[in-house]
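Visitor: give the three-dimensional model of this entry:
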Amino acid sequence: MSIPFVLVVGAGPSGLLLALMLGKQGIPVQLLEAADSLDDRPRATHYSPPAVYELQRAGVLDDMKAEGAFIPNGACWRKLSGEFLAGVRAPGSSEPNPTPLICLPLNKLSLVLQRHISQLPHVEILYSHKVTSLGQDADKAWVTVETPSGVKTLHAQYIVGCDGANSQIRRSLFGDWEFPGFTWDKQIVATNTYYPFEKHGFDWDSNFVIHPEHWYMAARISNDGLWRVTYGEVGGLTFDELKARQQAKFKALLPGNPDPEDYKIVNFSPYKVHQRLAQRMTVGRFLLAADAAHLCNPFGGLGLTGGIVDVGGLYDCLLGIFSGKADESILDKYDEVRRSKYNEIVNPTSSGNIRLLFEQNPDTALNDSEFLRMCKEAETDPEVGAKMKEGQNALQYDFTQHWRD
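Guide: Got it, this is the predicted structure:
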């Protein structure tokens with residue numbers, strides 16, 4: 001391929017999605033991935049309506065459904081005993097909706113995106129290409145890359161960092177330790193677990209359990225009985241220490257207080273959780289999106305949805321520049337808007353979501369939590385329910401309004 005218009009670093013779902021959307025418009029794209037294949041870990045699973053809108057624009061929803069994507073029936077909050085407190089039915093679960101909340105593990109989405117990209121002559125994926133440094137001038141940007149055939153320098157008019165929380169693009173632009181925000185003093189453990197939650201009264205597809213010690217989320221992620229169980233742990237423990245505590249944690253927190261022979265864990269992934277936002281999402285010809293630009297805790301799915309909405313906005317900006325309908329100043333608008341959406345929506349909402357689980361007294365949560373009170377009102381007041389659904393769409397922004405007429 002000659003010098004591409006866009007070079008995307010990171011073949012995770014955000015990088016794949018951006019490459020696909022640009023490539024379908026005939027825009028030359030190179031996609032670099034440091035690993036030798038796609039990441040096959042399931043990771044995040046739930047896509048809110050703003051993310052589904054972008055996936056729909058990319059033309060992949062039907063294939064996602066063929067891979068097992070389904071519409072969850074909603075999310076609820078419970079006490080550790082399983083007692084129901086309040087719930088919100090998911091968009092599209094009870095009425096027709098063009099962009100419903102859908103569920104599919106990220107590794108399956110990546111395979112769908114890769115298949116679509118393979119049909120595009122303008123997009124090239126290069127595995128085992130690790131970026132080590134970067135540079136730019138008035139006309140182009142470039143990265144130095146370690147490859148199986150030696151060190152190379154690759155150029156493009158724009159380079160997008162979609163290379164995750166440890167983004168080499170962000171670190172090269174701002175420094176290894178310049179990622180403003182904080183890390184929670186608790187950590188979480190994400191598992192994929194086969195366990196019959198339905199037999200214990202968990203008839204909602206997503207369940208958040210409020211408890212000062214044994215707080216957790218249990219969400220159905222497939223049609224064959226697989227659940228994502230993500231629970232809180234004390235900070236500072238090693239992987240082996242967390243693994244050693246797992247059986248006792250499940251005994252204490254899961255309904256029915258199961259023994260190890262009662263469930264099957266197929267993935268066990270402890271990790272720290274962060275609330276962080278890069279200083280900027282554009283630096284000249286270098287752009288950032290998704291986890292490379294910002295991080296938040298996973299409760300509520302705002303990290304995944306926010307990253308996909310980043311990609312949709314950046315696609316509109318780059319398409320506008322490529323087609324001559326926008327000038328480069330639209331990238332400043334991208335930085336302004338997406339950082340604002342993080343500060344005003346993603347960060348406070350996701351922080352409130354996780355705090356609700358371990359800070360609220362479960363016995364008084366319905367009175368003390370404004371959010372849970374709103375959920376209860378929505379059960380009988382359609383206007384409150386509609387307002388809550390509208391709030392999800394606030395993450396979106398139409399960058400084409402800044403195109404020239």
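
Visitor: so the most centrally placed residue in the chain is in which element?
Guide: Note on the chain: the residue nearest the mean C-alpha position is residue 304, at 1.3 Å, using C-alpha atoms, centre = their mean. Using DSSP states H and E, the element containing residue 304 is helix 302-323.

Visitor: let's test this: mean pLDDT of that helix, rounded?
Guide: The average pLDDT within helix 302-323 is 97.

Visitor: quick one: average pLDDT of the helix or strand following that helix?
Guide: Using DSSP H and E, the helix or strand that directly follows helix 302-323 along the chain is helix 329-341. Per-residue pLDDT values over helix 329-341 give a mean of 98.

Visitor: list the contacts of helix 329-341.
Guide: With C-beta atoms under 8 Å, 6 or more residues apart in numbering as the test, helix 329-341 has contacts from 277, 280-282, 287, 293-294, 306, 309-310, 313-314, 317, 320-321, 394-395, 397, 399, 402-403. For the C-beta atoms, the positions are set from N, CA and C on the backbone; glycine is no exception.

Visitor: ok, 6 Å please
Guide: Contact with helix 329-341 is made by 280, 281, 282, 310, 313, 317, 320, 395, 397, 402, as judged by C-beta atoms under 6 Å, 6 or more residues apart in numbering.

Visitor: before we move on, the earlier item: the residue nearest to the centre of the chain contacts residue 43, correct?
Guide: No: with contact defined as C-beta atoms under 6 Å, residue 304 and residue 43 do not form a contacting pair (8.5 Å).

Visitor: any idea how far residue 109 is from residue 43?
Guide: Separation of residue 109 from residue 43 (C-beta to C-beta, to the nearest Å) stands at 10 Å.

Visitor: how about residue 347?
Guide: Taking C-beta to C-beta as the measure, residue 347 falls 21 Å from residue 43.

Visitor: hang on, the earlier thing: which neighbouring elements make contact with the helix holding residue 304?
Guide: For helix 302-323, the packing partners by 3 or more C-beta pairs under 6 Å, 6 or more residues apart in numbering; DSSP states H and E come out as helix 13-23, helix 49-58, helix 329-341.

Visitor: can you add mean neighbour count and give the ones you listed back as CSV?
Guide: What follows is these, written out as CSV (neighbours: other C-beta atoms under 10 Å):
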stretch, mean neighbour count
helix 13-23, 28
helix 49-58, 21
helix 329-341, 18
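
Visitor: which of these sits closest to residue 260?
Guide: Of all the helices and strands packed on helix 302-323, it is helix 13-23 that lies closest to residue 260, at 32.6 Å by C-beta to C-beta.
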